[in-house]
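Peer 1: sharing a sequence plus its predicted fold:
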Amino acid sequence: MAFVNTKKMLEDALKNGYAVPAFNICNLESAQAVAEVAGEKNVPVIISVSEGAGKYAGYDYITAIVKTASKHYKNDIALHLDHGKTFEACKAAIDAGFTSVMFDGSALPYEENVKETKRVVEYAHSQAKYVTVEAELGKIIGTEDMIHSDVESFTDPDEAKDFVNRTGVDSLAISIGTAHGVNKSISTPIIQYGVIDSVHEANPNLPLVAHGSSTVPAKWVDLIKKYGGEIKKSQGISEEDIVKMSKTAICKINMDTDLRLAHTAGVRQDLAENPNHFDQRDYNKAGKKNVKEQIAHAFELVMGK
Ligand code: G3H
Ligand code: 13P
Ligand code: ZN
């Protein structure tokens, strides 16, 4: 693989009516799982690292792992900071060698979001190797480690146009009814295709991004519960919506929760069925196998391969 930014992969996706999946990782096993599946399929992929994952593993360690992985295959791989909340977080990832960053100023007042996004864009685009920037407009609900919003507000197309013109971002995360985490809604979330289409009409060359796009497969949730785990409520995006979204101007589809569930299901099953296992390679191998299966399925949904 080549270790690249997201520019060409998202432009190609927009032109050709598919999406590139962005998978969140936090360690060696999860990075390898993504790189191996994408490499074997020979498709572009984005590896995302949240601020929380960066604190857990270290941006520099992750860069070394992903760069190394990129040498094993022929296709393109981008390393992306997910939901950077400050200029400093984005700078730290860029300085550590990330090829792409997201500045998430969605909790800020509009003018403040414009100002801080622009600051990140100026730094990212002035690097010797152009670093791509994703920003966020509108509010996506849900809770993860360092991300929380109770209030949903869909992205306004005219505001998006003004925002993109003033900041120069390369892609934009929009609020369309998806949500972060394992429980997205009381019933299957309703995706706002009208919002996607009108933001696209106002910004025809801009790749759009869907966050909170895990499908929360019942098979992983059931396995986790069967082997002693507790998940109170689980509700994901429907697979039909993932396929449908990927054919719109949505060019990047973010999935984290599904990989966490797949890995945990494997670890729980392995330890429950093999009480003598205490070598972490045994249970992590079981987790990684499920993660690879989940990733392969996601590629089929968003790229048709
Ligand atoms: O969308 C965000 C990711 O799922 C990040 O999760 O902050 O718990 O690593 P995290
Ligand atoms: P999920 O919680 O649906 O996997 O969303 C992940 C995400 O949006 C990462 O930015
Ligand atoms: Zn997200």
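Peer 2: Cool, the structure landed. Numbers count the residues shown, from 1 in each chain. Ligands and ions are numbered 1, 2, ... in the order given.

Peer 1: can you tell me what sits against stretch 289-296?
Peer 2: When contacts are taken as C-beta atoms under 8 Å, 6 or more residues apart in numbering, the neighbours of stretch 289-296 outside the stretch itself are 21, 23, 29-30, 33-34, 36-38, 41, 217, 220, 258-259, 261-263, 265-266. The way it works is simple: take the backbone N, C-alpha and C, and place the C-beta from them, glycine included.

Peer 1: and residue 206, how many residues sit next to it?
Peer 2: Around residue 206 there are 21 other residues, counting by other C-beta atoms under 10 Å.

Peer 1: and the helices in the stretch 101-250 of the chain?
Peer 2: In the stretch 101-250 of the chain, the helices defined using DSSP state H, counting those that start in this stretch lie at 110-125, 157-167, 193-202, 218-226, 239-246.

Peer 1: surely residue 22 touches residue 255?
Peer 2: Yes. Residue 22 is in contact with residue 255 according to C-beta atoms under 8 Å; the separation is 7.2 Å.

Peer 1: still on that earlier bit, any chance of the helices of the stretch 101-250 of the chain in JSON lines, with mean pLDDT, distance to ligand 2 and mean neighbour count too?
Peer 2: As requested, the helices of the stretch 101-250 of the chain are exported to JSON lines (pLDDT from 0 to 100; distance: least, C-beta to the nearest ligand atom, whole Å; neighbours: other C-beta atoms under 10 Å):
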{"stretch": "helix 110-125", "mean pLDDT": "98", "distance to ligand 2": "17", "mean neighbour count": "18"}
{"stretch": "helix 157-167", "mean pLDDT": "98", "distance to ligand 2": "18", "mean neighbour count": "17"}
{"stretch": "helix 193-202", "mean pLDDT": "98", "distance to ligand 2": "16", "mean neighbour count": "18"}
{"stretch": "helix 218-226", "mean pLDDT": "98", "distance to ligand 2": "12", "mean neighbour count": "17"}
{"stretch": "helix 239-246", "mean pLDDT": "98", "distance to ligand 2": "10", "mean neighbour count": "18"}
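
Peer 1: distance to residue 68 for those - can I get that in CSV?
Peer 2: Listed next are the helices of the stretch 101-250 of the chain as CSV, based on distance: least, C-beta to C-beta, whole Å:
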stretch, distance to residue 68
helix 110-125, 23
helix 157-167, 33
helix 193-202, 36
helix 218-226, 28
helix 239-246, 29
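
Peer 1: tell me, what residue is most central in this structure?
Peer 2: In the chain, the C-alpha closest to the average C-alpha coordinate belongs to residue 254, at a distance of 3.0 Å (C-alpha atoms, centre = their mean).

Peer 1: and the longest helix along the chain, what's buried?
Peer 2: Looking only at the chain and at elements set by DSSP state H, the helix with the highest residue count is helix 280-303. Neighbour-count burial for helix 280-303 flags 283-284, 286-288, 290-296, 298-299, 301-303 (criterion: 16 or more other C-beta atoms under 10 Å).

Peer 1: next one: stretch 260-277
Peer 2: With burial defined by 16+ other C-beta under 10 Å, the residues of stretch 260-277 counted as buried are 260, 261, 262, 263, 264, 265, 266, 267, 268, 269, 270, 271.

Peer 1: what's the following helix or strand after the lengthiest strand in the chain?
Peer 2: Longest strand in the chain by number of residues, with DSSP state E as the criterion: strand 76-84. Counting by DSSP states H and E, the element after strand 76-84 in chain order, helix or strand, is helix 87-95.

Peer 1: any idea how far that following helix is from the chain center?
Peer 2: Remark: helix 87-95 is offset 18 Å from the chain centroid, using C-alpha atoms, centre = their mean, to the nearest Å.

Peer 1: 49 is where my numbering starts, stick with that
Peer 2: Got it, first residue is 49 now, which makes that one helix 135-143.

Peer 1: for it, what is the average pLDDT?
Peer 2: Averaging pLDDT along helix 135-143 gives 98.

Peer 1: can you check stretch 97-114 too?
Peer 2: Stretch 97-114 shows a mean pLDDT of 98.

Peer 1: does any part of it sit near ligand 1?
Peer 2: Yes. Using C-beta under 6 Å from any ligand atom, stretch 97-114 comes into contact with ligand 1 via 98, 100, 101.

Peer 1: show residues contacting that stretch.
Peer 2: Contacts for stretch 97-114 (C-beta under 8 Å, 6+ apart): 51, 72-76, 79-80, 83, 95, 125, 127-133, 137, 140-141, 144-146, 192-195, 304.
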